[in-house]
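Colleague: Curious how this folds, go ahead:
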Amino acid sequence: MAIKPPMLHRGDTVGIVTLGSPLDAHIIDARIQTLEHMGFNVLVGKYAYLYNGIVASSAEQRADDLMTMFENRRVKMILPTRGGTGVKDIFPIIDFNVIKNNPKIVTGYSDITILLNILYQRSDLITFQSLLLIDFNTITPGYNFNQFFAATSTTSSPRVIQNPPGMPLHSLIPGNVTGPIVGGNLTSLVGTLGTSYEIDTSGKIILIEETHEPTNTIYRYLTQLIMAGKFDDCIGIVMGQCTNCSISYRTSYNNLIQDLIVPIGKPLMTNVSTAHSYYKAAIPIGAQLNLNTFNNTLTVREATVTA
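Modeller: Okay, here's the model as predicted:
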């Protein structure tokens with residue numbers, strides 16, 4: 001059974017870190033102001049504002065900010081500013097045993113995907129593919145906040161993950177399976193293949209989503225995952241949206257799903273609004289989910305935080 005972090009309450013302290021690419025200081029400050037207006041206290045990492053090219057700061061500095069937040073008893077949630085790239089640089093430096101003994105809510109998407117999965121794999125911690133600091137904005141849809149707080153601020157279960165009205169889920173391969181869910185951003189997942197930090201999909205439901213990539217690149221990445229055996233032992237597949245992905249060679253993202261994913265023959269659901277989508281469901285990485293494509297439902301079977 002995976003470790004569940006303590007639930008988030010108004011008035012708790014949120015630790016802000018930049019673990020991949022940099023974010024402009026004025027954006028960080030504006031989003032922090034939104035968090036504070038929502039009733040949270042904020043602690044900003046020592047290196048969160050740095051801007052040093054493709055990555056915000058050195059791997060050692062980014063890892064130090066992350067570990068400092070885990071070691072600080074006041075911090076209840078660790079909230080990365082954004083994803084971008086370079087998050088995996090910190091993995092050889094962070095202490096997974098310290099993290100395991102100091103469970104906290106960690107949330108995000110994009111390149112934060114690989115952090116969410118490695119914390120589950122190495123520290124047995126349930127994490128959340130959900131909001132980043134950049135999403136704490138007055139124009140963020142209420143759906144996204146409702147999903148986020150349902151996952152992080154309540155112990156009620158089960159929780160059915162539903163798209164907003166008018167955005168139907170599509171079940172393409174029938175089945176009914178229950179297991180931990182892993183995965184997230186396709187580009188980030190492929191970037192860890194061949195390393196000791198690559199995703200473990202055995203006995204898991206795998207989630208995939210992407211943004212701003214042409215479909216010829218999506219084809220390349222999906223076939224790489226297939227050839228790496230990541231669909232061999234998984235028990236089910238959830239395909240999120242491919243947000244702003246351009247069509248190459250008259251082949252759409254849905255065409256790729258039909259050509260590459262449907263033949264795998266595992267229970268398959270598509271069109272789930274997650275991560276880079278405008279509407280973002282909160283997916284608890286490492287938690288037990290039921291994927292029932294007979295009933296077209298995706299259900300979190302357990303509370304994902306503790307009281």
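Colleague: All the helices of the stretch 151-300 of the chain, in order from the start?
Modeller: 186-190, 215-227, 253-256 (DSSP state H, counting those that start in this stretch).
Colleague: In JSON lines: those helices, plus mean neighbour count, mean pLDDT and distance to residue 275.
Modeller: For glycine as for every other residue, the C-beta is placed from the backbone atoms N, C-alpha and C. Output for the helices of the stretch 151-300 of the chain, formatted as JSON lines (neighbours: other CB atoms under 10 Å; pLDDT from 0 to 100; distance: least, CB to CB, whole Å):
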{"stretch": "helix 186-190", "mean neighbour count": "23", "mean pLDDT": "98", "distance to residue 275": "10"}
{"stretch": "helix 215-227", "mean neighbour count": "17", "mean pLDDT": "98", "distance to residue 275": "15"}
{"stretch": "helix 253-256", "mean neighbour count": "18", "mean pLDDT": "98", "distance to residue 275": "14"}
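Colleague: Switch these over to JSON lines; also include distance to residue 237.
Modeller: Formatted as JSON lines, these follow (distance: least, CB to CB, whole Å):
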{"stretch": "helix 186-190", "distance to residue 237": "12"}
{"stretch": "helix 215-227", "distance to residue 237": "11"}
{"stretch": "helix 253-256", "distance to residue 237": "13"}
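Colleague: for those helices, which one sits closest to residue 33?
Modeller: helix 186-190 (28.9 Å; CB to CB).
Colleague: Which strands or helices does that closest one pack on?
Modeller: helix 112-123, strand 205-211, helix 215-227 (3 or more CB pairs under 8 Å, 6 or more residues apart in numbering; DSSP states H and E).
Colleague: Could you rerun that using 10 Å?
Modeller: helix 112-123, strand 205-211, helix 215-227, strand 236-243 (3 or more CB pairs under 10 Å, 6 or more residues apart in numbering; DSSP states H and E).
Colleague: Just put the ones you listed in a markdown table and tack on distance to residue 100.
Modeller: Output for these, formatted as a markdown table (distance: least, CB to CB, whole Å):
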| stretch | distance to residue 100 |
| --- | --- |
| helix 112-123 | 4 |
| strand 205-211 | 23 |
| helix 215-227 | 28 |
| strand 236-243 | 27 |
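Colleague: my read: residue 193 touches residue 226, true?
Modeller: No: if you go by CB atoms under 10 Å, residue 193 and residue 226 don't touch, sitting 11.3 Å apart.
Colleague: counting residues per strand, which one in this structure is longest?
Modeller: As assigned by DSSP state E, the longest strand anywhere in the chain is strand 176-185.
Colleague: Can you give the strand pairings for it, parallel or anti for each?
Modeller: strand 205-211 (parallel), strand 288-292 (antiparallel) (DSSP bridges).
Colleague: Run the chain-centre distance for the last one.
Modeller: Computed by CA atoms, centre = their mean, to the nearest Å, the separation of strand 288-292 from the middle of its chain amounts to 17 Å.
Colleague: same check, this time on stretch 261-274
Modeller: Counting by CA atoms, centre = their mean, stretch 261-274 comes out at 18 Å from the chain centroid.
Colleague: Could you tell me which residues within that stretch count as buried?
Modeller: Across stretch 261-274, burial judged by 16 or more other CB atoms under 10 Å covers 261, 266, 267, 268, 269, 270, 271, 272, 273, 274.
Colleague: about what we covered before: format the CA atom coordinates belonging to the longest strand of the chain as PDB.
Modeller: Provided in PDB are the C-alpha atoms of strand 176-185 (Å, rounded to 0.1, in the frame of the first residue of the first chain):
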ATOM      1  CA  ASN A 176     -12.600  -3.800 -16.000                       C
ATOM      2  CA  VAL A 177      -9.200  -3.600 -14.200                       C
ATOM      3  CA  THR A 178      -8.000  -2.100 -10.900                       C
ATOM      4  CA  GLY A 179      -4.500  -1.200 -10.000                       C
ATOM      5  CA  PRO A 180      -2.100   1.700  -9.400                       C
ATOM      6  CA  ILE A 181      -2.100   4.400 -12.000                       C
ATOM      7  CA  VAL A 182       1.300   5.800 -13.300                       C
ATOM      8  CA  GLY A 183       2.400   7.900 -16.200                       C
ATOM      9  CA  GLY A 184       1.700  11.400 -17.500                       C
ATOM     10  CA  ASN A 185       3.600  13.500 -20.100                       C
END
